[in-house]
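K.L.:
the sequence and its predicted three-dimensional model are supplied below.
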Amino acid sequence: MTQHLHLQLRNISKAYPNGVQALEAVNLDIQRGEIFGIIGRSGAGKSTLLRLFNRLESADGGEICIHGIPISGGRRQLRDLRRRVSMIFQHFNLLSTRTVAENVALPLRMAGIPVAERQRRVDDILRLVGLESLRDSWPSQLSGGQKQRAGIARALVTQPEILLCDEATSALDPENTLAVLSLLKEINQRLGLTIVLITHEMDVIRTLCDRVAVLEKGQVIEQGEVWRVFGDPQHEVTRGMLGTLHHGRAENGEQLDVGQQFVTLHFNGVNGLEPDLREIARVLGGSQLIYSSCEPIQGRIVGQLKLRVEAPLSAETLRLAAGVADRVAVQVG
Ligand SMILES: Nc1ncnc2c1ncn2[C@@H]1O[C@H](COP(=O)(O)OP(=O)(O)O)[C@@H](O)[C@H]1O
Ligand SMILES: [Mg+2]
């Protein structure tokens with residue numbers, strides 16, 4: 001895929017009237033057709049950032065461009081922007097007194113699209129999200145997953161080029177989460193839509209996103225391809241969010257006898273190294289596997305493998321061990 005810059009943020013800052021500095025010097029380049037994830041702790045500024053893209057919030061400084069054109073125009077440009085940049089929400093935001101089809105038609109009504117055209121487009125989009133049989137149902141009759149599919153249909157009915165998702169699966173059970181995620185992936189691939197999503201579920205980033213940015217106190221502290229950021233996080237905050245992938249599991253009374261050591265083998269994907277158990281056994285001899293957090297991300301294996309070995313390891317063994325992983329850490333007692 002040739003790279004084509006879609007959304008660009010330059011030196012964006014935003015303070016709320018109460019003095020909270022929500023964003024500070026944020027720079028982001030989002031490519032056309034990619035699924036870009038934003039993660040960060042609660043209060044980091046994620047929602048504020050996303051809401052700048054369709055001007056639900058405005059920045060105090062810096063510039064946001066779509067296809068190289070600043071989005072800071074007047075009323076007409078704002079209306080056009082809202083059509084091109086749609087949003088879905090954690091709690092779906094459907095009107096309870098309107099049917100599914102009426103909810104989905106709402107943006108078209110507001111845009112003054114004639115009835116016949118409206119109905120055709122609503123039916124098309126309901127078919128795409130698999131809700132055609134529920135077009136005349138009320139939101140209260142839908143499951144969470146169906147509500148979010150209606151939310152997605154409403155967002156897509158204006159034929160946007162960018163879809164913003166703020167914790168879109170956080171209110172769903174695991175099964176519906178998977179269904180909504182695969183729908184988002186399908187939309188991304190079939191319609192070539194650029195998707196920017198916020199989530200606190202690292203699995204969503206791992207399975208869906210091409211690249212990810214980590215926000216902390218209103219600043220981007222790291223960003224890059226998902227396997228890179230997850231495989232070798234540079235910031236303690238990122239490691240904290242990734243949990244067991246890098247912090248290891250909480251010690252479960254795993255004891256070391258006299259003359260034993262823990263050896264942790266880290267895999268970050270950069271050199272394409274994978275945990276080759278036969279090779280590891282050859283190098284480390286009679287070791288015992290305590291746990292593995294290794295997992296494939298975008299075709300690369302990242303994570304760590306913790307072993308209990310007989311101590312002390314010779315300098316030669318350590319030298320060999322350095323060849324079977326990207327980083328080797330030894331812990332005594
Ligand atoms: N409308 C608002 N008025 C004042 N402060 C706000 C407003 N919205 C968010 N904030 C503050 O801005 C910071 C970032 O909030 P937010 O973007 O919602 O973070 P996140 O989505 O990462 O949890 C927080 O400190 C939050 O309390
Ligand atoms: Mg938020």
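P.N.:
It's in. Ligands and ions are numbered 1, 2, ... in the order given.
K.L.:
which intervals of the stretch 201-333 of the chain have sub-threshold pLDDT?
P.N.:
Segments of the stretch 201-333 of the chain classed as low confidence (criterion: pLDDT under 70) are 247-253, 333.
K.L.:
all strands for it, in order.
P.N.:
211-216, 219-225, 260-267, 288-292, 295-297, 300-310, 327-332 (DSSP state E, counting those that start in this stretch).
K.L.:
now do the stretch 51-200 of the chain
P.N.:
Using DSSP E, counting those that start in this stretch, the strands of the stretch 51-200 of the chain run over 61-66, 69-70, 85-89, 162-166, 194-198.
K.L.:
out of those, which is closest to ligand 1?
P.N.:
Evaluated over the strands of the stretch 51-200 of the chain, closeness to ligand 1 peaks at strand 194-198, with 6.7 Å, by Cβ to the nearest ligand atom. Quick note: C-beta positions are derived from backbone N, CA and C, even for glycine.
K.L.:
now tell me what touches the closest one from outside.
P.N.:
6-7, 30-39, 46-47, 50, 53, 161-168, 184, 187-188, 204, 208-209 (Cβ atoms under 8 Å, 6 or more residues apart in numbering).
K.L.:
over it, what's the mean pLDDT, rounded is fine.
P.N.:
Averaging pLDDT along strand 194-198 yields 98.
K.L.:
buried sites along stretch 75-86?
P.N.:
Within stretch 75-86, the residues that count as buried by 16 or more other Cβ atoms under 10 Å are Leu81, Arg82, Arg83, Arg84, Val85, Ser86.
K.L.:
who touches the fifth one in this structure?
P.N.:
Taking Cβ under 8 Å, 6+ apart as the definition of contact, the neighbours of Val85 are Phe53, Asn54, Ile66, Pro160, Glu161, Ile162, Leu164.
K.L.:
next one: the last one
P.N.:
By Cβ under 8 Å, 6+ apart, the contact list for Ser86 reads Asn54, Pro107, Ala155, Leu156, Thr158, Pro160, Ile162, Leu163, Leu164.
K.L.:
so what's it closest to, chain neighbours aside?
P.N.:
In space, and not counting its chain neighbours, Ser86 is closest to Ala155: 3.7 Å by Cβ to Cβ, 6 or more residues apart in numbering.
K.L.:
I figured that neighbour hits Met87, correct?
P.N.:
Yes - at 6.3 Å, Ala155 and Met87 qualify as touching, with contact defined as Cβ atoms under 8 Å.
K.L.:
that older thread, neighbour-wise, which one of the contacts of Ser86 leads?
P.N.:
Leu164 (26 neighbours; other Cβ atoms under 10 Å).
K.L.:
and stretch 193-204, is it in reach of ligand 1?
P.N.:
No - judged by Cβ under 6 Å from any ligand atom, stretch 193-204 makes no contact with ligand 1; its nearest approach is 6.7 Å.
K.L.:
look at that stretch and report the distance between its end residues.
P.N.:
One end of stretch 193-204 to the other measures 18 Å (Cα to Cα, to the nearest Å).
K.L.:
can you give me the buried ones in that stretch?
P.N.:
Buried-residue list, stretch 193-204, by 16+ other Cβ under 10 Å: Leu193, Thr194, Ile195, Val196, Leu197, Ile198, Thr199, Glu201, Met202, Val204.
K.L.:
swap in stretch 273-286?
P.N.:
Residues of stretch 273-286 classed as buried: Leu273, Glu274, Pro275, Ile280, Val283, Leu284 (neighbour count, 16+ other Cβ under 10 Å).
K.L.:
which single residue in the stretch 201-333 of the chain comes nearest to ligand 1?
P.N.:
For the stretch 201-333 of the chain, Cβ to the nearest ligand atom, closest residue to ligand 1: Leu215, 6.5 Å.
K.L.:
please report how far the closest residue to that residue other than its chain neighbours lies from ligand 1.
P.N.:
Using Cβ to Cβ, 6+ apart and skipping the chain neighbours, the partner closest in space to Leu215 is Gly40 (3.5 Å). The gap separating Gly40 from ligand 1 is 5 Å, by Cβ to the nearest ligand atom, to the nearest Å.
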